[in-house]
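Visitor: Sequence plus predicted model, see below.
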Amino acid sequence: MRGEQRAYITFLVLWTLVTVVKVLIAAQLPLFVDEAFYWQEGQHLAPAYSDLPGLTAWLTRLGVEIVGNHRLGVRLPFLVLGALLPWMVAHIATRWFGTRAGWQAGALAVLMPLSATLGVLAVPDVPMAIAALLCLDAGARLLRNVDAGGALMLALGLLVGALSHYRFIGVIVVGFIALLLLPEGRRMLRDPRVWMGLSVGIVAWVPLLAWNLDNQDAGLKFQVIERHPWEFQTEGLLFLVIQPMLVTPLLFAAMAGVAYAGLRQRLRGFHHVQLRYFALVGGTSTVLIFLFGFFTDVERISFHWPLPGYLALLVSVPLALNHWTRFWRRAVWVVASVGLVLAFAYYVMAATPSLREQTAGSKYYPRNFAGWQPLADAVKDELAQMPADTEVLAGSFKVGSELGFRLEDPSIRVLPHELNDRHGRTAQLALWHLISDGSRSTPQLLVLAPGDQRYRDLLERYHKVCELVGPLPPPRVVSLDHGFQRFLLFRLPAQKQLGPCVAPAMAWINTPEPAAVVNGAIEVQGWAFKDGVGLAGVDVLVDGKKVAVADYGADYDVTGFWKISTDPYHPKVGFNARLDGLVLAPGRHWLGLRLHGRDGSVEDWQEQPFEVPAH
């Protein structure tokens, strides 16, 4: 009894602390771009959408109706579901392995980073994880005895899953595989009450199927075909490296051991079919996802895909830990706790401008969280200075949905963009009549995010924008985190102007290289141009302050790469300057450019770091 009570108190304390931290983070963390689009979908209620079934959007709408148009409102239902998940794990483990093992499994669900952080973001994986656990619990119950309660639970899980994500089909397939491999499972599937529950799950897909039938299977094609290369990619190896880090290595080893021991029925004292069922579900799911990782989408975030399989294995982990030495049992808990702290630390960094700025230029920079409120403030300021009938026009769905959330306008039109296609949002935007062809009868404020485009494709993107809206006037630049998040705001007149494309400036610093260590004189060399009008000059900045006027106009032919460039001063687009590094304090500094266009534009370019050693 003392062991059970200690396990319960440990679970309750951990669950309370983690839940409080999650709420605090969710209240401060800016919306991720996908969350903003789910909010936008929630403002256009429908049975299904181009990228997802309806549940995620409905939940965001519910939270906003309760709390208001705040990031915490968007995330509130997901926080509730995320807080419920450890209790469900504890309930399942308690039913089959005893009270102490149940609370221990629940506590591990609280600490495992992938499950512990569920709910901080309003994403479909939260209800999908709940659905997977409902189906797991129902399957275990029905293996022992088919009854109405188990069938209803199965129906509920299948319903929630079908309304959560296309990927839930994989959970269903894995569950069927596990049941078919068990004699008890094959007997269970012959019971009509089970098929009544399964029929509810089948009907739950009707809204999504109907949407696809009405829209040339756009959603299905994106999820199954367009977003995946379906060819072997060596990048899939990173998946195998990342996963043990995300669930913490020792806990990952424990789950692997549970899968093996459960299949072999080698956990002493537990020989019932449910143990093998959990191992089959978790092991099959994890292995299949690992294998698919070599052939499926590696561009977008996919590290959370194995979570349903991990949860199935986590239920039995306390049994395996009973056979570990005391040192290694404690190590599992300590390492899992450290992993959770690191996961929360990342979100805290993304939510804190001063901390986020320190990651600028690194692969950990959270671009999709960065800069949306300063952008919204700048947009409001520009709109206040423009005619009352001015409309906002976004360069992509990311900008449109993030601005829409902050301006409380879910109907901001966007330009065609490959980002809209790559994320499966084009068809939905078209249904809302929110894709602009560039025509207009009122003034518009165009907002572009250059960082969303690969640099080698940026000039081509600018020219496509020119084709749609006409030559671009001098932009207002909103630059954050040393320019690693930049936005360009253009005041477009009511009538589309004719003429050659005038695009934002382009530049590159050849020397010094990023993160270079400089001593004494600093030679700054590179190139810069501005299509349509050319540049009048280039200033060199250090830590945001002008320190030199570059000698601009040297011969530097870049048209071999930028073949479509129309700067009238090619090839004289090179610049050079000489700085005195001795006047700079030792440590890290940021080198930037201020580009002056011949049309009066002034654009600060992205900065790059350099180090000054101690004198």
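Guide: Happy to help now that I have it.

Visitor: Out of the helices and strands in the protein, which is least certain?
Guide: helix 236-247 (a mean of 79; mean pLDDT, DSSP states H and E).

Visitor: by contact count, what packs against that helix?
Guide: Helix 236-247 makes packing contacts with helix 113-116, helix 249-264, helix 273-292, helix 326-351 when contacts are defined by 3 or more CB pairs under 8 Å, 6 or more residues apart in numbering; DSSP states H and E. For glycine as for every other residue, the C-beta is placed from the backbone atoms N, C-alpha and C.

Visitor: And those: which comes nearest E35?
Guide: Among the helices and strands packed on helix 236-247, the nearest to E35 by CB to CB is helix 326-351 (12.6 Å).

Visitor: buried residues in the closest one?
Guide: For helix 326-351, the neighbour count (16 or more other CB atoms under 10 Å) marks 329, 331-333, 335-336, 339-340, 343-344, 347-351 as buried.

Visitor: residue ranges of the helices in the stretch 301-450 of the chain, please?
Guide: Under the criterion DSSP state H, counting those that start in this stretch, helices of the stretch 301-450 of the chain are mapped to 307-314, 317-321, 326-351, 353-357, 372-384, 397-407, 418-422, 426-431.

Visitor: of all the ones you listed, which lies closest to H570?
Guide: Among the helices of the stretch 301-450 of the chain, if distance is taken as CB to CB, the winner is helix 418-422, at 27.2 Å.

Visitor: Off-centre distance for that closest one?
Guide: 15 Å (CA atoms, centre = their mean, to the nearest Å).

Visitor: now do stretch 105-118
Guide: 19 Å.

Visitor: Then stretch 439-453?
Guide: Relative to its chain's centre, stretch 439-453 lies at 24 Å (CA atoms, centre = their mean).

Visitor: same check, this time on stretch 575-583
Guide: With CA atoms, centre = their mean, you get 40 Å for stretch 575-583.

Visitor: Output that stretch as CSV, nothing but the C-alphas.
Guide: What follows is stretch 575-583 as a C-alpha-only set of coordinates in CSV (Å, rounded to 0.1, in the frame of the first residue of the first chain):
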residue,chain,number,x,y,z
PHE,A,575,30.8,46.8,-53.0
ASN,A,576,33.7,46.9,-50.6
ALA,A,577,34.5,48.7,-47.3
ARG,A,578,37.2,48.6,-44.7
LEU,A,579,36.4,48.7,-41.0
ASP,A,580,38.7,49.1,-38.0
GLY,A,581,38.1,46.1,-35.8
LEU,A,582,40.3,47.5,-33.0
VAL,A,583,37.6,49.9,-32.0
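
Visitor: Among the helices and strands packed on helix 236-247, which comes closest to G438?
Guide: Nearest to G438, of the helices and strands packed on helix 236-247 and by CB to CB, is helix 326-351 at 34.2 Å.

Visitor: ok and that closest one relative to helix 249-264, angle-wise?
Guide: Counting by axes from the mean of the first three to the mean of the last three CA atoms, to 10 degrees, helix 326-351 lies at 120 degrees to helix 249-264.

Visitor: quick check: angle from helix 326-351 to helix 236-247?
Guide: Going by the same axes, to 10 degrees, helix 326-351 makes 100 degrees with helix 236-247.

Visitor: elements contacting helix 326-351?
Guide: helix 2-28, helix 99-111, helix 113-116, helix 236-247, helix 249-264, helix 353-357.

Visitor: repeat that with 10 Å
Guide: Using 3 or more CB pairs under 10 Å, 6 or more residues apart in numbering; DSSP states H and E, the elements in contact with helix 326-351 are helix 2-28, helix 99-111, helix 113-116, helix 236-247, helix 249-264, helix 317-321, helix 353-357.

Visitor: what's across from Y552 in the sheet?
Guide: F575 (DSSP bridges).

Visitor: Surely it touches R594?
Guide: No. Between Y552 and R594 there is no contact under CB atoms under 10 Å: 11.6 Å.

Visitor: Common neighbours of these two, please.
Guide: With contacts defined as CB atoms under 10 Å, 6 or more residues apart in numbering, the residues shared by Y552 and R594 are G537, V538, D539.

Visitor: how does this protein divide up, domain by domain?
Guide: If you go by automatic domain parsing, the domain ranges for the chain are 2-30+70-347, 367-492, 506-612.

Visitor: Please convert those domains to JSON lines, extending it with distance to L52.
Guide: Below are the domains of the chain laid out as JSON lines (distance: least, CB to CB, whole Å):
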{"stretch": "domain 2-30+70-347", "distance to L52": "6"}
{"stretch": "domain 367-492", "distance to L52": "9"}
{"stretch": "domain 506-612", "distance to L52": "34"}
